[in-house]
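1. What follows is a predicted structure for the sequence shown.
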Amino acid sequence: MVKSLIGSVFRSPFLRKLFALGFCAFLLLLPGRASIPPFDRDEPRYMQATAQMLESGNFVDVRFQDQPRYLQPAGIYWLEALAVSASGTLHKRAVWAYRLPSLVSMTLAIMLTGWMGSLLFGATAGLSAGVLLAVSVLVQAEGRMATIDSTLLLTVVGAECLIFRVIREYREQKPTSAMVALGFWGILGIGLMLKGPVILVPTLGTLLAFSLVERDGRWLRRLRPSWGWLATVAVVLPWCAAIEIISHGEFFERAVGRNFLGKIGHGQEAHGAFPGFHLAVFLLAFWPGSFFAAAVLPVIRTWWSRWDVRFLVCWIVPHWLVFELIATKLPHYVLPVYPPIAILTAGALCAGGSQWASWPLHRWARIALGAYGFLWALLGIALSVAGIAVSLVFENHVPVTAWIVAGGALPLWALALRNIVAGRLQRGAMCAVGTAVIVYTGLFSGVIPRLNTIWLAPRLVAAVERQRTCPNMHVISSSFSEPSLVFLMQGHVRLADAHEAAQALAQDKTCTLVLMGRQHQPIFDTTLASLGVQAIERDRVKGFNYSTGKWLDIGVYGARQP
């Protein structure tokens, strides 16, 4: 049966192309997955919490070292734990295993985008939409990190696909299966287990907005809300009850009261920004598709009479407005609306034909689009030579890969610009996509992994291992407290200030190492002198902490033996 099903799938020309799209997206997301160390700060927090979950056997109460991590439910940690357990790499701290759920989720989200786009605008437009989404900067970044956002994106796209099906069947006066409704409410439950109420913003926003725009909410009954919510409850209730008991209510106070609702009123963790932030960063986050998304806006406006276009707009606008209005802003907050943007952009590009030669029609629109295109062109040049620039700044030499990237990307980028100026937007988009593929492959495979100056945590771990004199060495870090160090040290590192580090070294002179930066050296030395202990420098690591934007000079110290 399985063999016949697979055979029937691959007999369909479109499905073969859709699986080819997924395979290419999968390959594009592979470079750097194993060679790039954990990205501070969120990614290693997820990694370390997952590792502790596996080591302790506690799959309910998520913790980072000895602190509870009450920010979101345990869903993402379960997925990463499954990947790490299946790979057998727990004690090796292999980063690629923790990143597997993001890789699979992002690949499937791209395929679903291609499938939905084909239903609206045809196979060519659908596959083009998947490609535009796959090569966007934000997708390439999030798809490589062991965080929630790729898996959340998959749940959002899955839920929106089911909403689209319900609406289409309602308009065609066809019955809607109860399994479709069950799937929708089940996906909501999975989304809640990943990132709490966040999934309700795009899904319920689409339901409400489309009903208001159409002035018809009767189709909502096809989702069986009278009993469908029970499926959502069945997914989330067991864990919610368990964590409520274990945390004595603290989880919901922190996760909902502080983390979720707290982001609305003020910018958490210095991530506040002005209204319009997401629109401003869209140029980079959706590059290279951002220019084409702007160029086709007038075409999309003429399609407003189409209900499926109105559906995509109702998917985009409520979610975008909500995250523009809340105080805390990060680029990935609007990632769930990138699939419909890619679908609309690809659909308009494929339908545009030769009209782009005289587009846009109005003078001020031409000026605005020209200015936007100029910034977009500069960004493409900057990304093409980024490998050369960052290698010179941080390493004082340029690897061959960076030169190859620039040599391959810049001519193709010039061809993209030439086609755009000539009004051949489809060809220009193809060249821009090719440029992006070269840039990502080169940067993630041959440039970023070699930026040793910014990868301080692996170098500090190597320095500790060189100086290890006891099997159970106590390591204390005072000047570098990034989560990547905790993860790579397998949790066997204590983060403390210079005064506490000096006291710990005095208490155990034989089996203690202290990582101390020059900025905290006076306090460290003064405290040691008061305790009658003299430190000896055993190693030194210099580098740039990109999380704080500071250069660090960190010594590895032990106590001088009598």
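-> Cool, got the structure. Numbering: from 1, shown residues only.
2. so who does the one residue sitting closest to the centre of the chain touch?
-> Taking CA atoms, centre = their mean, the centroid of the chain lies closest to Glu142, which sits 2.3 Å from it. Glu142 sits next to Ser102, Met106, Asp149, Ser150, Leu153, His332, Leu335 when contact means CB atoms under 8 Å, 6 or more residues apart in numbering. Glycine gets a C-beta too; all of them are placed from N, C-alpha and C.
3. redo that, cut-off 7 Å
-> With contact taken as CB atoms under 7 Å, 6 or more residues apart in numbering, Glu142 is in contact with Ser102, Asp149, Ser150, His332, Leu335.
4. doesn't Ser150 make contact with the last one?
-> No. Counting by CB atoms under 7 Å, Leu335 sits too far from Ser150 to count as a contact (8.6 Å).
5. Out of the contacts of Glu142, the closest to Arg11 would be?
-> Proximity of those to Arg11 (CB to CB) peaks at Ser150, which lies at 30.7 Å.
6. Is the closest one within a helix or a strand, and which one?
-> The secondary structure element spanning Ser150 is helix 149-171 (assigned by DSSP states H and E).
7. try Thr176
-> Taking DSSP H and E as the definition, one finds Thr176 inside no helix or strand.
8. Could you find the closest non-adjacent residue to it?
-> Taking CB to CB, 6 or more residues apart in numbering as the measure, Thr176 lies nearest to Arg222, with 4.2 Å between them; neighbours along the chain are not counted.
9. quick one, phi psi at Val543?
-> Rather than Val, residue 543 is Gly. Note on Gly543: its backbone torsions stand at phi -180, psi -170 [degrees, to the nearest 10].
10. how many other residues sit next to the residue nearest to it when sequence neighbours are not counted?
-> The spatially closest residue to Gly543, leaving aside those adjacent along the chain, is Leu456, at 4.4 Å (CB to CB, 6+ apart). For Leu456, the tally of surrounding residues (other CB atoms under 10 Å) stands at 25.
11. Correct me if wrong: Leu456 contacts Thr548.
-> No. Using CB under 7 Å, Leu456 is not in contact with Thr548, being 10.8 Å away.
12. Poorly predicted segments of this structure, please.
-> Judged against pLDDT under 70, the low-scoring parts of the chain cover residues 1-10, 257-272, 353-358, 361, 562.
13. quick check: domain ranges of it?
-> 2-261, 353-450, 456-559 (automatic domain parsing).
14. any idea where the strands of the protein begin and end?
-> Counting by DSSP state E, the chain forms strands over residues 63-64, 67-68, 474-477, 494-495, 512-517, 535-545, 550-559, given from the N-terminal end onward.
15. would you list the ones you listed in JSON lines and tack on mean neighbour count and distance to Arg427?
-> Below are the strands of the chain laid out as JSON lines (neighbours: other CB atoms under 10 Å; distance: least, CB to CB, whole Å):
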{"stretch": "strand 63-64", "mean neighbour count": "17", "distance to Arg427": "49"}
{"stretch": "strand 67-68", "mean neighbour count": "12", "distance to Arg427": "54"}
{"stretch": "strand 474-477", "mean neighbour count": "21", "distance to Arg427": "53"}
{"stretch": "strand 494-495", "mean neighbour count": "18", "distance to Arg427": "54"}
{"stretch": "strand 512-517", "mean neighbour count": "25", "distance to Arg427": "53"}
{"stretch": "strand 535-545", "mean neighbour count": "16", "distance to Arg427": "40"}
{"stretch": "strand 550-559", "mean neighbour count": "19", "distance to Arg427": "45"}
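16. Please name whichever of those strands is nearest to Trp78.
-> Nearest to Trp78 among the strands of the chain is strand 63-64 (14.5 Å), distances taken as CB to CB.
17. how about the helices in the stretch 201-350 of the chain?
-> Using DSSP state H, counting those that start in this stretch, the helices of the stretch 201-350 of the chain run over residues 225-247, 250-252, 262-265, 277-285, 289-295, 297-302, 307-325, 338-352.
18. Comparing the ones you listed, which comes out most buried?
-> Comparing the helices of the stretch 201-350 of the chain by mean neighbour count (mean count of other CB atoms under 10 Å), helix 338-352 comes out on top with a mean of 26.
19. Using PDB, write down the CA coordinates of it.
-> The C-alpha coordinates for helix 338-352 follow below in PDB (Å, rounded to 0.1, in the frame of the first residue of the first chain):
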ATOM      1  CA  TYR A 338       6.200  35.700   4.800                       C
ATOM      2  CA  PRO A 339       4.500  32.700   3.000                       C
ATOM      3  CA  PRO A 340       1.500  34.600   1.900                       C
ATOM      4  CA  ILE A 341       3.700  37.500   0.800                       C
ATOM      5  CA  ALA A 342       5.800  35.100  -1.200                       C
ATOM      6  CA  ILE A 343       2.600  33.600  -2.800                       C
ATOM      7  CA  LEU A 344       1.300  37.000  -3.800                       C
ATOM      8  CA  THR A 345       4.600  38.200  -5.100                       C
ATOM      9  CA  ALA A 346       5.200  35.000  -7.200                       C
ATOM     10  CA  GLY A 347       1.600  35.100  -8.500                       C
ATOM     11  CA  ALA A 348       1.900  38.700  -9.700                       C
ATOM     12  CA  LEU A 349       5.300  38.100 -11.200                       C
ATOM     13  CA  CYS A 350       4.100  35.100 -13.200                       C
ATOM     14  CA  ALA A 351       0.900  37.000 -14.300                       C
ATOM     15  CA  GLY A 352       2.700  40.300 -15.200                       C
END
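20. mind checking how far that helix is from the chain centre?
-> The gap between the average C-alpha position of helix 338-352 and the chain average comes to 22 Å, counting by CA atoms, centre = their mean, to the nearest Å.
21. For that helix, give me every contacting residue.
-> Identification of contacts with helix 338-352 by CB under 7 Å, 6+ apart yields 109, 113, 116-117, 120-122, 124-125, 128-129, 132-133, 136, 138-139, 157, 286, 289, 292-293, 296, 299-300, 312, 315-316, 425-426, 429.
22. same deal with stretch 45-55?
-> So stretch 45-55 is contacted by 38, 59, 62-64, 69, 76-77, 80-81, 84-85, 90, 98, 146-147, 483, 486-487, 491 (CB under 7 Å, 6+ apart).
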